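Colleague: Take a look and give me a structure for this.
(2 chains)
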Amino acid sequence: MTAARGGGACLVGVGETRYAKWGGITDASEYELALEAILAAVADAGLTVDDVDGLASFAEDRNDATFVAADLGLPELRYAGLSWLPGGGGACAAVANAVAAVESGTAEVVVVYRSLCQGQFRRFGRGPGNAPAAGGRRVPHVRRARSILDAHVAFTMPFGVFGPPIAYAMVLQRHMHRFGTTAEHMGHVAVTTRAHAARNRRAVMGGRPMTMDDYMASRMVSEPFRLFDCCLENDGACAVVVTSTARAADTAKAPVAVLGAAQGTLRGFGHGQYSNVSMPDDDYASAGARGVAARLWEAAGLGPADVDVAQIYDHFTGLVLLSLEDFGFCGRGEGGPMAASGALAWPGGALPTNTHGGSLSEAYIHGLNHVVEGVRQLRGESTCQVDGAETCLVTSAAGVPTSALVLGRR
Amino acid sequence: MTARWFPDEMPVPAASAETAGWWEAAAAHRLVVQSCRACGATRHPPGPVCPACRSTAWEWTTLPGTGTVYTYTVVHQAFIPALADTVPYVVAVVELDGGAGTRLVSNLVDVHPAEAAVGARVEVVWEDMGPDLALPRFRLLSATAGGGGAS
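Modeller: I've put the predicted structure just below:
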């Protein structure tokens, strides 16, 4: 990606469907929403579907690019990329892969998309697969694994780890033990993000203001995570259009550059703390993104001090604190105090973060909506616009193999 | 039949070619860890190749069944209806004695949630879920209470 510095490909269009709480969209399928979001992003770019020759997404997508291409009538599909990075870890990687496809000449206009209608499928809050049978007595037994992940989560699910909130609660508990991180530290992330959402008419929780007292009063899910530490479960889709810098000269709005990108994971980090708990202590109580962060800053030729605004993956409040540490905005164990200082708040904070309301309050679209918000900030279109923003950090999920981007004005 | 702490409706484990032996040992109430026969490194969950030296030769090492709580969470939400009478329950990561740093996700049982703590010393207790399935849970080493009942 170093070759891309300031370079060969840009983000030229963003689009989304309406966002609604879990089960709120019943008149369109998740697949239809994916196509709607792609059409909206292409229109935002001032292009047509006849210009699109590439599609990209990331692991666990139900909406195959080959069907998308057929049903949208793409003249010719030249690139169909899927990042292996799981769930929310892959949004930034999918964008980076689209950039690489354009820069290599494999395709000219690539749309990155994600659609997530949890009301039409199983809830992520119920964990991966392995759902208990409904009704009827049965004898518990060992069954044959359907996948590597299935065999790995066998070491967590039968012990009552039904989903990410429980697994990552233990990461935060370890962080609290080592560094003194508190519930109030996490509460600052929840309250600040909700305040940003209040200005965003797309946000699922836009009309629901939250105080620190509200946060503290929300019910406990898995200590130390309360309900308001956990992201939304919802229905919606969004998409981002990537094309060459040359082609971008003809698009509708100011193109946004990818100044740097990085993806991957640390040795021994495995699939993340959800299924591997034997990693080194410094990695367990972290976002697992130190390697990605180091390569990101190297690729961009920038550092944390150069970032004007950030969109940091927020499946859980506490993991935002860990990402702040891994990406170098503060020292180890200082993420909580940094949030409590007001640093993440728009407009006055040192690092306004999740200016759309994030996954906690805008929508949970596996973090692709964080890329959308990054583009809006650099166009001057955000509902919490940072004056003169020229650089935006976007990160994908903490606690799994992950990816990140630094976006910039061209 | 050993004590029961969790309902039959809990998710059942799935075994792969590499992990089946771990579950077979558990059914016999043996807590094991996969060890590389070339370099001795341990790994969990079990896999076909040693990540340290890339050897495919491995064996099961039986552990003493004691350990230390590395981290934990008290789960308050009943994610399946059958857990309504079990919550709150404690999920813990236990660093296993003799496991060279290997940790296991399990539960603390016969413990009040407020007693759960990082650094607590624990020992394995087995819960027979079915004829071929036993799960290792842990209780505080200082605990003298018998098993049974949700805690």
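
Colleague: Every contact and neighbour count from this point should use C-alpha atoms.
Modeller: Fine.

Colleague: and the closest residue in space to A:Arg290 that isn't next to it in sequence, backbone torsions?
Modeller: Distance criterion CA to CA, 6 or more residues apart in numbering or on different chains; nearest residue to A:Arg290, sequence neighbours excluded, is A:Asp326 at 5.0 Å. Main-chain dihedrals, A:Asp326, degrees, to the nearest 10: phi -60, psi -40.

Colleague: A:Asp326 contacts A:Gly288, correct?
Modeller: Yes - A:Asp326 lies in contact with A:Gly288 (CA atoms under 8 Å); the separation is 7.4 Å.

Colleague: And those two? Which one has more around it.
Modeller: Legend: neighbour count by other CA atoms under 10 Å in any protein chain shown for A:Asp326 and A:Gly288, higher for A:Gly288 (28 against 24).

Colleague: gap between the more buried one and A:Glu334?
Modeller: Note on A:Gly288: its distance to A:Glu334, by CA to CA, to the nearest Å, is 16 Å.

Colleague: Over to A:Leu259?
Modeller: For A:Leu259, the distance to A:Glu334 equals 27 Å [CA to CA].

Colleague: Return the residues of chain B in contact with chain A.
Modeller: Within chain B, the positions adjacent to chain A are B:8-16, B:19, B:23, B:44-45, B:70-77, B:79, B:91-93, B:101-107, B:118, B:129-133 by CA under 8 Å from any CA of the partner chain.

Colleague: List only those of those flagged as buried.
Modeller: B:8-16, B:19, B:23, B:44-45, B:70-77, B:79, B:91-93, B:101-107, B:118, B:129-130, B:133 (16 or more other CA atoms under 10 Å in any protein chain shown).

Colleague: tell me which residues of stretch A:33-48 are tucked away?
Modeller: Neighbour count says stretch A:33-48 has A:33-45, A:47 buried, by 16+ other CA under 10 Å.

Colleague: For chain B, tell me which of those residues show up nearby.
Modeller: Near chain B, judged by CA under 8 Å from any CA, there are no entries from those.

Colleague: With pLDDT and secondary structure added, can I get those in TSV?
Modeller: TSV is the format used below for the buried residues of stretch A:33-48 (pLDDT from 0 to 100; DSSP: H, G, I helix; E, B strand; the rest coil):
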residue	pLDDT	secondary structure
A:Leu33	97	helix
A:Ala34	98	helix
A:Leu35	98	helix
A:Glu36	98	helix
A:Ala37	98	helix
A:Ile38	98	helix
A:Leu39	98	helix
A:Ala40	98	helix
A:Ala41	98	helix
A:Val42	98	helix
A:Ala43	98	helix
A:Asp44	98	helix
A:Ala45	97	coil
A:Leu47	97	coil
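
Colleague: Ends of stretch A:318-334, what's the gap?
Modeller: Length of stretch A:318-334, first residue to last, CA to CA: 12 Å.

Colleague: Quick check: buried residues in that stretch?
Modeller: Across stretch A:318-334, burial judged by 16+ other CA under 10 Å covers A:318-330, A:332-334.

Colleague: tell me the two of those that are most distant?
Modeller: Spatial extent of these (CA to CA) is set by the pair A:Gly318 and A:Gly328 at 16.0 Å.

Colleague: Show me the residue at the heart of chain A, geometrically.
Modeller: The centre of chain A sits closest to A:Gly367, judged by CA atoms, centre = their mean, with a distance of 2.0 Å.

Colleague: who's in contact with it?
Modeller: With contact taken as CA atoms under 8 Å, 6 or more residues apart in numbering or on different chains, A:Gly367 is in contact with A:Gly88, A:Ala91, A:Tyr313, A:Ser359, A:Ser396, A:Ala397.

Colleague: neighbour-wise, which of those leads?
Modeller: For the contacts of A:Gly367, neighbours tallied by other CA under 10 Å; top is A:Ala91, 36 neighbours.

Colleague: nearest spatial neighbour of the residue of the stretch 301-410 of chain A found nearest chain B, skipping sequence neighbours?
Modeller: At 14.0 Å from chain B, A:Gly318 is the closest residue in the stretch 301-410 of chain A, using CA to the nearest CA. Excluding the flanking residues, the one nearest A:Gly318 by CA to CA, 6+ apart is A:Met186, at 5.4 Å.

Colleague: which residues of chain A fall in helices?
Modeller: A:30-44, A:65-72, A:91-103, A:148-153, A:164-179, A:183-197, A:212-217, A:245-248, A:281-284, A:290-300, A:317-326, A:335-340, A:368-379 (DSSP state H).

Colleague: now those in JSON lines, with distance to A:Asp306?
Modeller: Shown next, in JSON lines, are those (distance: least, CA to CA, whole Å):
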{"stretch": "helix A:30-44", "distance to A:Asp306": "28"}
{"stretch": "helix A:65-72", "distance to A:Asp306": "36"}
{"stretch": "helix A:91-103", "distance to A:Asp306": "19"}
{"stretch": "helix A:148-153", "distance to A:Asp306": "38"}
{"stretch": "helix A:164-179", "distance to A:Asp306": "27"}
{"stretch": "helix A:183-197", "distance to A:Asp306": "22"}
{"stretch": "helix A:212-217", "distance to A:Asp306": "30"}
{"stretch": "helix A:245-248", "distance to A:Asp306": "23"}
{"stretch": "helix A:281-284", "distance to A:Asp306": "25"}
{"stretch": "helix A:290-300", "distance to A:Asp306": "10"}
{"stretch": "helix A:317-326", "distance to A:Asp306": "14"}
{"stretch": "helix A:335-340", "distance to A:Asp306": "17"}
{"stretch": "helix A:368-379", "distance to A:Asp306": "14"}
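
Colleague: looking at it, A:Tyr31 is touching A:Ser115, isn't it?
Modeller: Yes - contact status for A:Tyr31 versus A:Ser115: in contact at 7.0 Å, counting by CA under 8 Å.

Colleague: Identify the contacts common to these two.
Modeller: Residues touching both A:Tyr31 and A:Ser115 by CA under 8 Å, 6+ apart: A:Asn63.

Colleague: pretty sure A:Gly336 contacts A:Thr181?
Modeller: Yes - between A:Gly336 and A:Thr181 there is a contact under CA under 8 Å: 5.7 Å.
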